[in-house]
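Visitor: Please find the sequence and the predicted model below.
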Amino acid sequence: MNQVKRIAGFFWIAIAFVAYAILLKTTINQIAAKPTTDTIVQWSIFAIIFLPIAIGLIIFGWLAMKGDYDQLPVSSEEVAD
Amino acid sequence: MQTVTDKKQIRQIIFASSVGTLIEWYDFYLFGSLAPIIAMQFFPKADPTAALLSTLATFAAGFIVRPFGALVFGRLGDMVGRKYTFLLTLVLMGGSTFAIGLIPGYEKIGFAAPIIVLLLRLIQGLALGGEYGGAATYVAEHSPESKRGFYTSWIQTTATLGLLLSLGVILLTRKSLDGNEAASIKAFESWGWRIPFWFSIVLVGMSIYIRMKMNESPLFSKLKSEGKISTNPIKESLYKRSNLKMVLLALFGATMGQGVVWYTGQFYAQTFLENACKIDFEQTRTILICAIIFATPLFIVFGNLSDKIGRKWIIILGMFLAIISYRPIYQQMLKLSTTQQVVLDESQTKIESTINVGVHKDFSLRTTTTQHVYQNGITEKIVHVDTLYNSGEERAQSIDKSSKILPTNTYWAMVALIFVQILFVTMVYGPIAAFLVEIFPTKIRYTSMSLPYHLGNGVFGGLTPFIAVLLGTIYTADPLVGLWYPIAVAALSMVIGAMYLSNKIDPNVND
């Protein structure tokens, strides 16, 4: 199972890139098609707010590939210290 | 000692925490529930859809700032204490809600009105970001291991009950401003919408009084007395790899999927009933109210069950059922409310036309209301407004506005469809507080659990109705296209959760 978890890490990274690329492309297309304040504000909010989340998913995938999720912490001491 | 075994005492703790959180949700949802009226008052636009989107954007702003509130107040809660932090969030939330009810409309103070509303909405979002984590942590830190899911599930009911309270107060106010129903609705849209906002100050006052009597969490007090509280909870939560990995896992494997399931069942469903099915304002809300009343006890059932079989698989199953059921459920909602290809009962068609002279002397408005009754029992009211210029020119001022009243059997079928969606919400949301509390250590718990919770619910969940509506405007051929957003997000979260989360209940949250 740990091997599967590690391999899947690559897919989480890929999903983060693909999903954000689709969002960015849609944002550019929507703003180009209707460059009103509403459109620009709405789609810019999406593009900005989902950027750190996409980065988070990349980090998650990277940690999974590195084996950080092979064994989850049993006590809080393993997390805090 | 750390937990409370006395039943009376734990009941008081749950009650005091839950009432405050419920009121915060009430405050927060008022704005969303009154979005179209607030759009008219503060965001005037010729195109009503644009006005609604502007308000939804403000709504979204309220959600997007929630993760920042989670960080600010989470840090405070881990450094100063749980009790004082969630007292502060309550004051901020109640104060800003009351203030929204006082702001003069755009017609009186111009652009200052929407700007002030936006700022107050942001404060609401920040306060909410700090509230939930505090209440959930506070209750969990008083609970014994075997009842942690059960006790924290009471906190989980507050979001739904807050929505219920807001819908109830709105409907009651809307109906009671005048003996004549039409006049009452008109008064509500003109000024009566402010009353539910003012009402908040009474609720908040009561809740502050109750919370002032509460003691600090025993676990936090112990840490404080031992000098072990964190000096920089944000840094410890996000910059320490061992904790960051749990924050990311909580977000992508649980709260992200839970957030979209929650907001689809309770908010997108409401938007869909009103905008796609064209169900009447009042009926839409009573459908939701009935479904919520029937489904709310299930939060407790699944919270309790999670103490026996673990949290993980209940949450994952809730996501799975939502993913496979959403499209059939919404398809059925459309089918139940359609009037296309349904035979019209022409003998019951009524047409009324009235002419109102507006404030401008050079034109008047002619409102034509046509009421059709279909053989499937649906009554459809179409309001058409024409502008009649004194010069003799005549043109349509707006497109037809249609609303449908469902017959009793269809109404209850619709309640059942919403109930099923809220059932999924209770599965994913009932055990989530206990789950989040258990994966983080006491000294950075408030910060660590608040962040994934509010990213999942605020950003992924809160934007669900907005993104779904936008998808519908881009891909117009499929009326259910908006559902692909919650389905995709929930599917990703379900797979990650199933693969990486543990189903083990943490026996000790005192560390």
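Guide: Nice, thanks for sending it over.
Visitor: just how off-centre is the longest helix that chain A contains within its chain?
Guide: Longest helix in chain A by number of residues, with DSSP state H as the criterion: helix A:2-33. For helix A:2-33, the separation from the chain centroid amounts to 7 Å (computed by CA atoms, centre = their mean, to the nearest Å).
Visitor: List the buried residues in whichever helix or strand comes after it.
Guide: Sequence-wise, the next helix or strand downstream of helix A:2-33 (DSSP states H and E) is helix A:37-66. Using 16 or more other CB atoms under 10 Å in any protein chain shown as the test for burial, helix A:37-66 gives A:38-39, A:42-43, A:45-47, A:49-50, A:53-54, A:56-61, A:63-65. Using the backbone N, CA and C atoms, a C-beta is placed for each residue, glycine as well.
Visitor: What's the local residue count around whichever residue of the stretch 351-500 of chain B sits closest to chain A?
Guide: At 3.4 Å from chain A, B:P441 is the closest residue in the stretch 351-500 of chain B, using CB to the nearest CB. By other CB atoms under 10 Å in any protein chain shown, the residues close to B:P441 number 24.
Visitor: distance of it from B:S153?
Guide: Remark: distance between B:P441 and B:S153 (CB to CB, to the nearest Å) = 22 Å.
Visitor: Contacts only, for residue 33.
Guide: Here I'm looking at chain A. Residues near A:A33 by CB atoms under 8 Å, 6 or more residues apart in numbering or on different chains: A:T39.
Visitor: Not quite, go with chain B.
Guide: B:S33 touches B:L163, B:S166, B:L167, B:I170, B:R285, counting by CB under 8 Å, 6+ apart.
Visitor: Show me what counts as buried in stretch B:482-500.
Guide: Taking 16+ other CB under 10 Å as the criterion, stretch B:482-500 shows B:482-487, B:489-498, B:500 as buried.
Visitor: That one: how far from the chain's middle?
Guide: Its chain's C-alpha centre and that of stretch B:482-500 lie 20 Å apart, by CA atoms, centre = their mean.
Visitor: then it to PDB, C-alphas only?
Guide: Output of stretch B:482-500 as PDB, limited to C-alpha atoms (Å, rounded to 0.1, in the frame of the first residue of the first chain):
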ATOM      1  CA  GLY B 482     -22.600  23.200 -12.300                       C
ATOM      2  CA  LEU B 483     -22.600  19.900 -10.500                       C
ATOM      3  CA  TRP B 484     -19.400  18.800 -12.100                       C
ATOM      4  CA  TYR B 485     -17.500  21.100  -9.700                       C
ATOM      5  CA  PRO B 486     -18.600  19.500  -6.400                       C
ATOM      6  CA  ILE B 487     -18.500  16.100  -8.000                       C
ATOM      7  CA  ALA B 488     -14.900  16.500  -9.100                       C
ATOM      8  CA  VAL B 489     -13.700  18.000  -5.900                       C
ATOM      9  CA  ALA B 490     -15.500  15.400  -3.700                       C
ATOM     10  CA  ALA B 491     -14.100  12.600  -5.900                       C
ATOM     11  CA  LEU B 492     -10.600  13.800  -5.500                       C
ATOM     12  CA  SER B 493     -11.000  14.200  -1.800                       C
ATOM     13  CA  MET B 494     -12.600  10.800  -1.400                       C
ATOM     14  CA  VAL B 495      -9.700   9.000  -3.200                       C
ATOM     15  CA  ILE B 496      -7.100  10.900  -1.100                       C
ATOM     16  CA  GLY B 497      -9.000  10.300   2.100                       C
ATOM     17  CA  ALA B 498      -9.500   6.600   1.400                       C
ATOM     18  CA  MET B 499      -5.900   6.100   0.600                       C
ATOM     19  CA  TYR B 500      -4.100   8.200   3.300                       C
END
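Visitor: is it anywhere near chain A?
Guide: Yes - on the criterion CB under 8 Å from any CB of the partner chain, stretch B:482-500 is in touch with chain A at B:L492, B:I496, B:M499, B:Y500.
Visitor: just stretch B:271-282 next, same as before
Guide: No - Stretch B:271-282 is not in contact with chain A by CB under 8 Å from any CB; minimum separation 15.7 Å.
Visitor: What residues sit buried inside that stretch?
Guide: Within stretch B:271-282, judged by 16+ other CB under 10 Å, the buried ones are B:T271, B:F272, B:L273, B:E274, B:A276, B:C277, B:K278, B:I279, B:D280, B:E282.
Visitor: go on, stretch B:67-87?
Guide: Here stretch B:67-87 shows B:67-83, B:85-87 as buried, counting by 16+ other CB under 10 Å.
Visitor: Next: stretch B:173-192.
Guide: Of the residues in stretch B:173-192, B:T173, B:R174, B:L177, B:S184, B:I185, B:A187, B:F188, B:G192 count as buried by neighbour count, 16+ other CB under 10 Å.
Visitor: Taking those, tell me the two that lie furthest apart.
Guide: B:T173 and B:I185 (10.5 Å; CB to CB).
Visitor: Format the residues of stretch B:482-500 next to chain A as JSON lines; extra columns: pLDDT.
Guide: Output for these, formatted as JSON lines (pLDDT from 0 to 100):
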{"residue": "B:L492", "pLDDT": "97"}
{"residue": "B:I496", "pLDDT": "96"}
{"residue": "B:M499", "pLDDT": "94"}
{"residue": "B:Y500", "pLDDT": "94"}
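Visitor: Show me the residues you listed that map onto helices.
Guide: Of those, the ones assigned to helices by DSSP H are B:L492, B:I496, B:M499, B:Y500.
Visitor: Just name the closest of the residues you listed to B:I474, please.
Guide: The closest of these, once distances to B:I474 are taken by CB to CB, is B:L492, at 21.2 Å.
Visitor: Chain neighbours aside, what residue packs nearest to the closest one?
Guide: Excluding its sequence neighbours, the residue lying closest to B:L492 (CB to CB, 6 or more residues apart in numbering or on different chains) is A:I15, at 6.8 Å.
Visitor: what do you get for A:A19?
Guide: Computed as CB to CB, 6+ apart, the closest residue to A:A19 that is not its neighbour in sequence is A:A54, at 6.7 Å.
Visitor: Now for the one you found: which residues touch it?
Guide: Residues in contact with A:A54, defined by CB under 8 Å, 6+ apart, are A:A16, A:F17, A:A19, A:Y20.
Visitor: I'd guessed the second one sits against A:I58; true?
Guide: The one in question is A:F17. Yes - assessed by CB atoms under 8 Å, A:F17 is found in contact with A:I58 at 7.5 Å.
Visitor: on that earlier part again, can you give me the angle the longest helix of chain A makes with helix A:37-66?
Guide: With axes from the mean of the first three to the mean of the last three CA atoms, to 10 degrees defining the directions, helix A:2-33 sits at 170 degrees from helix A:37-66.
Visitor: could you give the mean pLDDT of helix A:2-33?
Guide: On average, the pLDDT along helix A:2-33 is 93.
Visitor: buried stuff in that helix?
Guide: Neighbour counts over helix A:2-33 (16+ other CB under 10 Å) mark A:5-6, A:8-9, A:12-13, A:15-16, A:19-20, A:23-24, A:26-27, A:30-31 as buried.
Visitor: tell me the SS of the closest residue to B:I355 other than its chain neighbours?
Guide: Nearest residue to B:I355 in three dimensions, chain neighbours excluded: B:R366, at 4.9 Å (CB to CB, 6+ apart). Classification of B:R366 by DSSP: H, G, I helix; E, B strand; the rest coil places it in strand.
Visitor: if I look at B:R366, how far off is B:D386?
Guide: 5 Å.
Visitor: Then A:G67?
Guide: A:G67 is 70 Å from B:D386, by CB to CB.
Visitor: Between those two, which has more neighbouring residues?
Guide: B:D386 (17 against 13).
Visitor: Contact residues of the stretch 201-350 of chain B facing chain A?
Guide: Neighbours of chain A within the stretch 201-350 of chain B, by CB under 8 Å from any CB: B:E236, B:K240, B:R241, B:S242, B:N243, B:L244, B:K245, B:M246, B:L248, B:L249, B:L251, B:F252.
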